[in-house]
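1. With the input below, show me the fold.
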Amino acid sequence: MRDQLIIMSSQSRRGLALLASAACSAIAMPAAAQDGEAHAEVMQPIIITNTSELQFGNIIPGTGRSIIRVRRNNDGIRVVRGDAILAGGTVSRAGFTISGEPDQRVIIRAQRGRIFLTRNGGTERIRMNRLRIDGRRRQRLDGAGAATVNVSGQIRVNADQAAGVYTGTFNLTVDYP
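-> So this is what the prediction gives:
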C-alpha cells in the first residue's frame, strides 16, 4: 500500500503542477501599453513698478468738507464738491509699468474701498477713495511684454483738517487671466 500511496501522491503532484502552470500562463499574458503626454508652460512672472506717485498738490481747506479729485485721463485736478482752494504744488496720477509675457492678456485692478492718508508726525487722516485706472482693466501687454498704467483718485478734506503732509499707500494688482 505504501508504494501506491507514493505513486498516487506523485501523480497528484504532477496534476497540481500542470494545473498551476496553466493558471500562471493565463495570468502572465502580455498586456497592451500606450504612452500619454504631459505638458506644462512656465510663464514669466508679472512685475509691477511704481514710477510716479498719486499727488493732490497743495490744498487750503474750505468751510466744510471738500472732495478733490485728480482726473482720470489727464493730470488735471478739480474740486468736485466744497470750497477748498487748490494752491499749486505737484499734481499727478500714479504711474506704473507692467512687464510680463509678450502679447499676454492681463487684468489690472486698483485697490477698492477706503484708504487713509495719515499726517506725517501726527494721527490725523484724510480719506482717499475712487482709485481709477486710465484705460481698460483688461489689456494686452505689447510685443515686448510691457504696458504703462496710470491711476487717479479722490480725497476728502475737512474744514478743520490739520496742516501738514499726508501720506498713505494703495495697491495695484495685475493678473494673468
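2. got a pLDDT number for Gln4?
-> Looking at Gln4, its pLDDT reads 44.
3. and what of the one 4 residues further on?
-> Confidence per residue is given as pLDDT, and for Met8 that number is 43.
4. Check Gly15 too.
-> Gly15 carries a pLDDT score of 46 in this model.
5. Low-confidence bits of this structure, can you list those?
-> 1-29, 75 (pLDDT under 70).
6. what about the helices in it?
-> Along the chain, the segments classed as helices by DSSP state H run 2-27.
7. most residues in a single strand of it, which one?
-> Using DSSP state E, we find that the single longest strand of the chain is strand 146-157.
8. That one packs against which elements?
-> In terms of contacts (3 or more C-beta pairs under 8 Å, 6 or more residues apart in numbering; DSSP states H and E), strand 146-157 is packed against strand 66-70, strand 94-99, strand 105-110, strand 125-133, strand 138-140. (C-beta placed from N, C-alpha, C; glycine too.)
9. can you tell me how far Tyr166 sits from His39?
-> 51 Å (C-beta to C-beta, to the nearest Å).
10. more crowded one of those two?
-> Taking other C-beta atoms under 10 Å, Tyr166 and His39 do not tie; Tyr166 has more neighbours (20 against 4).
11. Thought Gln111 was touching Phe171, still the case?
-> Actually, residue 171 is Asn rather than Phe. Yes - look at Asn171 against Gln111 with C-beta atoms under 8 Å: they come within range, at 4.9 Å.
12. For these two, indicate the residue with more neighbours.
-> Gln111 (16 against 11).
13. With the flanking residues excluded, which residue is spatially nearest to Val70?
-> Of all residues not flanking Val70 in the chain, Ser152 sits nearest, at 4.6 Å (C-beta to C-beta, 6 or more residues apart in numbering).
14. Please apply the same query to Ile77.
-> Val91 (4.6 Å).
15. Any idea how many residues pack against the one you found?
-> By other C-beta under 10 Å, the residues close to Val91 number 17.
16. Could you give the bridge partners of it?
-> Per DSSP bridges, the residues bridged to Val91 are Phe56.
17. Which residues belonging to the longest strand of the chain are considered buried?
-> Ala147, Val149, Asn150, Val151, Ser152, Gly153, Gln154, Ile155, Arg156, Val157 (16 or more other C-beta atoms under 10 Å).
18. got JSON lines for those residues, with distance to Val80 too?
-> Shown next, in JSON lines, are the buried residues of strand 146-157 (distance: C-beta to C-beta, whole Å):
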{"residue": "Ala147", "distance to Val80": "29"}
{"residue": "Val149", "distance to Val80": "23"}
{"residue": "Asn150", "distance to Val80": "19"}
{"residue": "Val151", "distance to Val80": "17"}
{"residue": "Ser152", "distance to Val80": "12"}
{"residue": "Gly153", "distance to Val80": "12"}
{"residue": "Gln154", "distance to Val80": "7"}
{"residue": "Ile155", "distance to Val80": "10"}
{"residue": "Arg156", "distance to Val80": "10"}
{"residue": "Val157", "distance to Val80": "11"}
